[in-house]
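Asks: 3D, please:
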Amino acid sequence: MTLTKTIPPPDRLAIRVVESSAHSTLADDVRCGLLAMPKWLPPKYFYDRHGSWLFERICETPEYYPTRIERQLLTDVAAQIIQATAAETLVELGSGSAEKTELLLAPMASQSGRRHYVPIDVCEPVMVESGNRLIRKYPALEVHALVGDYYACLEQLPARDGPCLFAFLGGSIGNFETTEAVDCIQKIRAAMNPGDHFLLGADRIKDQSVLDAAYNDAQGFTARFNLNVLRVLNRELEGDFNLSRFVHEAFYDVDRRRIEMHLRATEPHTVHLSTLDERVEFERGETILTEISRKFSADDLEKLVADGGLTVTHHFEAPQAYFSLVLAQRSKV
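Replies: As a prediction, this is how the structure comes out:
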């Protein structure tokens, strides 16, 4: 494990970029995914600066309900969560712009004494912007941002005193298959101290028409977001993907209870990735699976958290059971 560049921080803001040979790189993932049959890519590579901006636009569309509903649920219960956890530090996986996170930070920062926020994400510019915004808004808050792979960053958390709340919001746990999701929670548990808490935000099973619409917005932001991963590969791996040769597809698989997002090739062609010295062949109609987004029942979520080694203490549900926030604790023993 090595730590690379540290940006000279303003008062109360530090940014660290975490690298680790023990965790897969973009090159590893692309070789593994695009040379497989069927082809796939991990969704984390959507989120360069432009991809992060596009995702913010998706969250503003009328079709994409999860962000609005989770935000309202957090508005209703954030103070209760902070009271129950007595959190002095908030560690967040997939922090993004941290706009929803402020609903948790506000009641934390209203308490006496210094409070700490440790966002973990892959897009450094967005974390710099959000970190500066937060320290200006909350004088008692210190931000120590970690840029990189979730698991590598969890192994490099700054020293902390007092109770800590770990958060994984936005329904992102749905991007993992079941075994991967349990492994993720187990890795979070390993980073927790006894008595620390974990807050999981997850999307619930609902009518297929609502789900299909959420990932096919009329303004086309989700399509642009999906295609953006090819721009990332062109830039980072000297690729020559022609985005006009692919179309966005997203649909809800009822049997597997998940949304699947694909990029479908509209014609046969070959893509070159110069950095990898690889050629990737596409047939007409062939797809790249770029994301899954699993939907859960209440029982699914509580079992998932329990299988990760944590004890559920509260389960908050949005109206019509559209979304859940599950609060759990690592045993003090």
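
Asks: where do the helices sit along the stretch 1-150 of the chain?
Replies: In the stretch 1-150 of the chain, the helices defined using DSSP state H, counting those that start in this stretch lie at 26-34, 49-60, 65-85, 102-109, 124-137, 150-154.

Asks: Select, out of those, the one closest to G170.
Replies: helix 65-85 (6.7 Å; Cβ to Cβ). Heads up, the C-betas are built off the backbone N, CA and C, glycines and all.

Asks: Which elements pack onto the closest one?
Replies: Using 3 or more Cβ pairs under 8 Å, 6 or more residues apart in numbering; DSSP states H and E, the elements in contact with helix 65-85 are helix 102-109, strand 164-168, strand 197-203, helix 208-214, strand 311-317, strand 323-329.

Asks: quick one: buried residues of it?
Replies: 65-71, 73-74, 77-79, 81-82, 85 (16 or more other Cβ atoms under 10 Å).

Asks: Closest one of those to E124?
Replies: T67 (22.4 Å).

Asks: if we can go back for a sec, could you dump the helices and strands packed on helix 65-85 into CSV and include mean neighbour count, distance to N234 and mean pLDDT?
Replies: Putting those into CSV (neighbours: other Cβ atoms under 10 Å; distance: least, Cβ to Cβ, whole Å; pLDDT from 0 to 100) gives the following:
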stretch, mean neighbour count, distance to N234, mean pLDDT
helix 102-109, 20, 34, 95
strand 164-168, 25, 30, 98
strand 197-203, 26, 31, 98
helix 208-214, 16, 28, 97
strand 311-317, 15, 42, 98
strand 323-329, 23, 35, 98
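
Asks: Select, out of those, the one closest to A140.
Replies: So among the helices and strands packed on helix 65-85, helix 102-109 is nearest, using Cβ to Cβ, at 5.2 Å.

Asks: Just name whatever secondary elements that closest one is in contact with.
Replies: helix 65-85, strand 89-93, strand 115-121, helix 124-137, strand 141-147.

Asks: repeat that for 10 Å
Replies: On a contact count with 3 or more Cβ pairs under 10 Å, 6 or more residues apart in numbering; DSSP states H and E, helix 102-109 meets helix 65-85, strand 89-93, strand 115-121, helix 124-137, strand 141-147, strand 164-168.

Asks: Need the residues that contact that helix.
Replies: 70-83, 85-90, 92, 98, 115-117, 130, 133-134, 137-141, 143, 165, 167, 169, 199 (Cβ atoms under 10 Å, 6 or more residues apart in numbering).

Asks: With just CA atoms, put that helix into CSV.
Replies: Listed in CSV are the C-alpha atoms of helix 102-109, where the atom choice follows Å, rounded to 0.1, in the frame of the first residue of the first chain:
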residue,chain,number,x,y,z
GLU,A,102,-25.0,17.6,4.8
LEU,A,103,-28.2,16.4,6.4
LEU,A,104,-26.1,14.2,8.7
LEU,A,105,-23.3,16.6,9.1
ALA,A,106,-25.5,19.5,10.2
PRO,A,107,-26.7,17.8,13.4
MET,A,108,-23.2,16.5,14.0
ALA,A,109,-21.6,19.9,13.6
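
Asks: among the helices and strands of the chain, which has the poorest mean pLDDT?
Replies: strand 2-7 (a mean of 41; mean pLDDT, DSSP states H and E).

Asks: Which residues lie in contact with the residue nearest the centre of the chain in this structure?
Replies: For the chain, G94 is the residue whose C-alpha lies nearest the centre (Cα atoms, centre = their mean; 3.8 Å). Counting by Cβ under 10 Å, 6+ apart, G94 touches 44, 47, 119-122, 150, 167-170, 172-173, 175.

Asks: Could you measure from it over to T313?
Replies: 22 Å (Cβ to Cβ, to the nearest Å).

Asks: Tell me how this structure divides into domains.
Replies: Annotated domains of the chain cover 26-57+208-294, 64-206+295-329 [automatic domain parsing].

Asks: can you redo those as TSV with distance to R16?
Replies: Shown next, in TSV, are these (distance: least, Cβ to Cβ, whole Å):
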stretch	distance to R16
domain 26-57+208-294	18
domain 64-206+295-329	6
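
Asks: L310 touches V326, doesn't it?
Replies: Yes: with contact defined as Cβ atoms under 10 Å, L310 reaches V326; the gap is 9.3 Å.

Asks: Need the overlap of contacts for those two.
Replies: Counting by Cβ under 10 Å, 6+ apart, the residues touching both L310 and V326 are F198, L200, L304.

Asks: Closest to W53 out of the residues you listed?
Replies: L200 (25.9 Å).

Asks: so that closest one bridges to which residues?
Replies: F168, V326 (DSSP bridges).

Asks: Next: F316.
Replies: Bridge pairing for F316 - DSSP bridges - gives L325.

Asks: Contact partners for it?
Replies: Contacts of F316 (Cβ under 10 Å, 6+ apart): 73-74, 76-77, 80-81, 199, 201, 323-327.
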